[in-house]
Every structure is written in C-alpha cells, then in structure tokens.
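Colleague: Any chance you can model this:
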Amino acid sequence: MTLEQAEKMVESVPLPKAKDDIILEILLRFPVKSLLRCKSVCKSWRSLISNPLFIKSHLKLSSTNIAHHRLIFTYNKEKNLRTCPLDDIVFEKSVVNSLDQVCPSDGRWKSGYAFPLKIIGSCNGLVCIVFFRSEGNILFIWNPSTKISTRLYSTFDMSPPPAGKENVVYGFAYDKATDDYKIVAVSLCDQNKVIMYSLKTRNWKQIGDFPNGYPVNMSGVFSNGFLHWMATPTPREYNEPIYLCTIVSLDLDNKTHGEVSQPMYDEDGKVGTLGALGEWLCVLCDYRVTCADLWVMKVYGVEDSWTRLASITYPADISSPYYDWPLFIGKDGTILLHSGWNLVVCNTNDGSFSNIKKFGRCTTNATIFVESLVSPYPQNSPGSTFCSL
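Modeller: Here you go, the predicted model:
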C-alpha cells in the first residue's frame, strides 16, 4: 500500500473519533522507509513517529514479521557491507536483491588488517560493527534503516596481533532493566581484561577479567539478557573439542560472569559454536563432514531444557567442510546456516539443502537485523560519541 492510498483510506473512514487510532494502527505496520517519508506529511505525524512509545510499538510488531528483517553481511575481503531481505533468502534462496550499504567507516580510516571490518551483532535494529586498526579499533552503533550511527573507540592499549588474529573480541547487547545498549570488549592481550560501554552514560568501565580460559567466538552471543562466549582453556583454539569448552555468560545488569550448562552430547571430540535463535540460546555441535546437531535451550538456565532440535547432515556437494552457526529458523523447520564462505538453507522436515544463489565466497561475517526506528543515541544526546577510559 502506498502512502497516498493509506491517506485516502483514512479519510474515507466515517468514524471521526476513531481516526487517530486508525492512523496509528496503519503507521505502526509501515516499513521504516515509508515512515521516514511520512514524517514529512505534517507536524503531528512527525511527532507521532518520533515518539519513543511509537518506536517501541513499531519494533514489537516488526520483530514478528519476517518481511521486516534483513541479512547484513560483509564482502570484498570484509571491507564493505550489503543487506538483503531475509524472506528473499529463505523463500527464494537468493540474494539478488541485496543492496550496498554506506558503511559508517567507509573510506575515512586505513587499516593494516587484511579483513578489517567485523559485524559484532544486532539488537532491536541497531547493528554494532568494529573497524580493526593497529593504532586502536573504532566501533559504530548503527541503524542501517535510518542511516544514523554513533562512533566510539575501543580503549585497550594493544600490541600488534599475531597474523590473522584480532586483539579483542566484542559483544553487543540490550539491557532491558536500564533500557540501555552496551558493548563488551574482552582483551586477548592484556590478561583477558573486560570493559563495558554504556550508550546512556557514554563511558567505558572495567568490569573485571574474563573467567574460565579464553573466548573463542568472534562475537558474544546475546540471549535472554546475557552475553555468552564459548571458552577454552588455551588461547583461541577454535577446534578445541567441545567437551573441553565451557559456556561463559555475562549478566549485563550486575556485571557478573557465570557458566551455562551444556547439552548432553552423544560422544566426545566434536566442535561446537554458539548462536541464538529467537529467545533460544543454541549450540551447533559439528561432527565435521558427516552431520551437525542443533541444540536449543528452550528454558534459559534450565539444564534439562536442552533439546536436540535437528541433526543436519552434509550434502555430498557442499562446498564448505563445516557449518559455522545458525542464523534463523522458520516455523516450518527451515534453518539458515552460515557455512564457511557460504549460506545454506536446509529443511529439517525433508532433509533438502539449497546454497544461496549469488552469495558464493562472499563473507565469513553475517547477522540478521530487524528494520526499526531505534536511535543509536541516548535520548536528548545528539552528536557523535567519543569515549575513552
């Protein structure tokens, strides 16, 4: 429905007292691009669409609609970004409608890293990305739908990293208790120190050391108000057998670490990666080449709620020797998986597989975000953010 059609529909309703409610219900279902245009219609619409309660209500509705979700991924050796409608990927098995994004870091800084750009994660339509530099990393909290971003700096004193390695891993999360967005950084060179950035206070604070060894995920996994990392007893061993790993959690509210119990795996020697599917924390337990088991924790914090949702076999013609992590699961059992440089859609009901067209060898970095009006600035705090300890 076009904006003009919506206005005619509202004008034709013979219930003057209900007119504002009808306009509200219509606008709440508009995509972000249309709402940004609607802000120019009149002052009352601009005020309504800018209202924090409207933004939260729109986010709540959009979060349940796959048509308002997009995949964002890096390409060109992780120097650029693209987005694509999620329903195109899941239903059409294609990214032909992907669009280049003007990255907040585009062209303004140089990096000595071969793959300088990483997507840390997304929350409520905000995407956190990091631009790695030897002289200090630059981070952005960015809304790709509104094109608004805020900038900050990672504040660890970092020595040059080993070849192909990063000095720090990050996590991005939403703290519901304080209505605040937070970035957590774990140093891999400075005794695993942990610092946390608050978007509301615009400050970094040290919150202790990372427990139980070393984090191995590229980014922390946000689920149920906690950030999570798979950790190993030795530094950065991605292929560490899963039975030697622990799942470390970080409570954003009280800034304390804990440990989440793991599923009862069939046998030792498998490799595991963390992910989140909706409200479920999940582990993809990979046997390499043969199959991978997808486990989900249906009740967070309850060990007995771990459920093996699917055992995903490898097709004979798969171009990557392993699955990395799940990105999405549909109501019909369709699972979108990141696999090496590729994306794979598998149907757990009939065991069929599809490689995503036009995506081959594009990225090792991708996540899903919901289109929203959420601002990357705290309320009443305009301008870019420059932070240091």
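Colleague: Could you look up the SS state of K19?
Modeller: helix (DSSP: H, G, I helix; E, B strand; the rest coil).
Colleague: Also S44?
Modeller: helix.
Colleague: That one and V130, how far apart?
Modeller: The span separating S44 from V130 equals 40 Å under the rule C-beta to C-beta, to the nearest Å. (C-beta placed from N, C-alpha, C; glycine too.)
Colleague: out of these two, which sits in the busier spot?
Modeller: Neighbour tally, S44 and V130, criterion other C-beta atoms under 10 Å: the higher count belongs to V130, 24 against 10.
Colleague: Let me know whether that one touches Y170 as I believe.
Modeller: Yes. Counting by C-beta atoms under 8 Å, a contact exists between V130 and Y170, whose distance comes to 6.0 Å.
Colleague: residue ranges for the helices of the stretch 101-250 of the chain, please.
Modeller: Using DSSP state H, counting those that start in this stretch, the stretch 101-250 of the chain contains no helices.
Colleague: how about low-confidence regions in it?
Modeller: In the predicted model, the stretch 101-250 of the chain carries pLDDT under 70 at residues 105-115, 134-135, 154-166, 190, 235-243.
Colleague: at 50 what do you get?
Modeller: Applying pLDDT under 50 to the stretch 101-250 of the chain flags residues 158-164.
Colleague: All the strands of it, in order from the start?
Modeller: With strands called from DSSP state E, counting those that start in this stretch, the stretch 101-250 of the chain shows them at 117-123, 126-131, 138-143, 148-153, 168-175, 180-187, 193-198, 203-209, 214-215, 221-223, 226-232, 246-251.
Colleague: so which of these gets nearest Y323?
Modeller: If you check each of those against Y323 by C-beta to C-beta, strand 226-232 wins as the nearest, at 14.8 Å.
Colleague: For the closest one, which outside residues touch it?
Modeller: Applying C-beta atoms under 8 Å, 6 or more residues apart in numbering, the external contacts of strand 226-232 come out as 169, 171, 173, 184, 186, 210-217, 220-222, 240, 244-252, 258, 260, 272-274, 281, 300.
Colleague: For V345, name its beta-bridge partners.
Modeller: Following DSSP bridges, V345 is listed with bridge partners L336, S354.
Colleague: I'd like to know how many residues surround S352.
Modeller: Counted with other C-beta under 10 Å, the burial measure for S352 works out to 11 neighbours.
Colleague: so it makes contact with C346?
Modeller: Yes. At 7.0 Å, S352 and C346 qualify as touching, with contact defined as C-beta under 8 Å.
Colleague: And the helix or strand hosting T273, what does it pack against?
Modeller: Of the helices and strands defined by DSSP states H and E, T273 is found in strand 271-277. The helices and strands touching strand 271-277, judged by 3 or more C-beta pairs under 8 Å, 6 or more residues apart in numbering; DSSP states H and E, are strand 221-223, strand 226-232, strand 280-286, strand 325-329.
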